[in-house]
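Participant: whatever this is, show me its structure:
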Amino acid sequence: MGALIGVYLKTNPNISWWIVGGLLGGLILSAVLASYFTHIRPARDASTVGRLLLDHIGTRIVKYCDEKGIAVRLNVLVVYRPLRFLFLMRRFKVRWSLEMHHADGGADFGIRKGVAGRVFATGVNLAIDMENPNNQGVWKFTERDCRRLKFPSHTLIWSFPVCELNKENYITGRVLGTLNLDSLEPNAFNILVADQAVRNEVELMMQELQDVVSKVASF
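Facilitator: Predicted coordinates:
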């Protein structure tokens, strides 16, 4: 782009400063984009290393639960403002997942919905036995919602807040999303949560995963 400007200035006796300004604007834009893709984006893509850590710890959780006879799924929901709502409405979308082979992997819903919505509002871990009909008040999704979002029949949902960290790795108090473990297996809550020894083990690994997610999300 710089060479193009030089050629234009040398070969045109009647210089149009509108054209020169346009070329300079293109040069600046090219420099900014080059800097972003070379330096900023790779760093923010917590990406590669972050995802490897998430997959590694997540796989340990999945295998441990398998040993207890319960298949589980993991996902991270992040908050975003979609263009279709003119950036005015905050919603959840799946940013990372493990073992989510159902169509709900692309679910997108309001931040007041589900167990994740309660955890996002309170900032406190919450495990819900979805086989207990009394817990529908926490769930807040109608049957129509579930069909639209293609939700399978959950038996357990265990959600943890993903908190923003500052440069010193201290929690700022802002919740960025949620880390979620769920199961579609009968009696999952009683096996993984009600049993204190198993709960402690799963919770410890989930907190380790929670720490990594917070660091990745805050990078």
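Participant: pLDDT weak spots in the chain?
Facilitator: Low-confidence segments of the chain (pLDDT under 70): 1-48, 218-219.
Participant: give me the domain ranges for it.
Facilitator: For the chain, the structural domains run 2-41, 46-218, going by automatic domain parsing.
Participant: now A107. Nearest residue, chain neighbours left out?
Facilitator: Excluding its sequence neighbours, the residue lying closest to A107 (CB to CB, 6 or more residues apart in numbering) is L149, at 4.7 Å. C-beta here means a position set from N, CA and C on the backbone, and glycine is covered the same way.
Participant: make sure that neighbour is actually in contact with G110.
Facilitator: No - here L149 lies out of contact with G110, judged by CB atoms under 8 Å, at a distance of 11.0 Å.
Participant: helices or strands next to the lengthiest helix in the chain in the packing?
Facilitator: Taking DSSP state H as the criterion, the chain has its longest helix at helix 196-218. In this structure, helix 196-218 makes packing contacts with helix 47-67, strand 72-80, strand 156-165, strand 171-183, judged by 3 or more CB pairs under 8 Å, 6 or more residues apart in numbering; DSSP states H and E.
Participant: for the third one, output the C-alpha coordinates as PDB.
Facilitator: Coordinates of each C-alpha in strand 156-165 appear next as PDB, following Å, rounded to 0.1, in the frame of the first residue of the first chain:
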ATOM      1  CA  LEU A 156     -29.000 -33.500  36.700                       C
ATOM      2  CA  ILE A 157     -27.700 -30.000  36.100                       C
ATOM      3  CA  TRP A 158     -24.800 -28.700  38.200                       C
ATOM      4  CA  SER A 159     -23.700 -25.100  37.400                       C
ATOM      5  CA  PHE A 160     -20.700 -23.000  38.500                       C
ATOM      6  CA  PRO A 161     -20.200 -19.200  37.900                       C
ATOM      7  CA  VAL A 162     -17.400 -18.100  35.600                       C
ATOM      8  CA  CYS A 163     -16.000 -15.000  37.200                       C
ATOM      9  CA  GLU A 164     -13.900 -12.300  35.600                       C
ATOM     10  CA  LEU A 165     -10.300 -12.000  36.900                       C
END
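Participant: output the contacting helices and strands for it.
Facilitator: Where contact means 3+ CB pairs under 8 Å, 6+ apart, strand 156-165 is packed against strand 72-80, helix 114-122, strand 126-129, strand 171-183, helix 196-218.
Participant: quick one: strands adjacent to it?
Facilitator: Using DSSP bridges, the strands paired with strand 156-165 are strand 126-129 (antiparallel), strand 171-183 (antiparallel).
Participant: ok, now which ones touch the closest residue to I111 other than its chain neighbours?
Facilitator: Excluding the flanking residues, the one nearest I111 by CB to CB, 6+ apart is R90, at 5.0 Å. When contacts are counted by CB atoms under 8 Å, 6 or more residues apart in numbering, R90 touches 79-81, 110-111.
Participant: which of those residues are buried?
Facilitator: In terms of neighbour count (16 or more other CB atoms under 10 Å), the buried residues within the contacts of R90 are 79-80, 111.
Participant: so which of the residues you listed comes closest to M206?
Facilitator: M206 lies nearest to V79 out of those, by CB to CB, at 19.7 Å.
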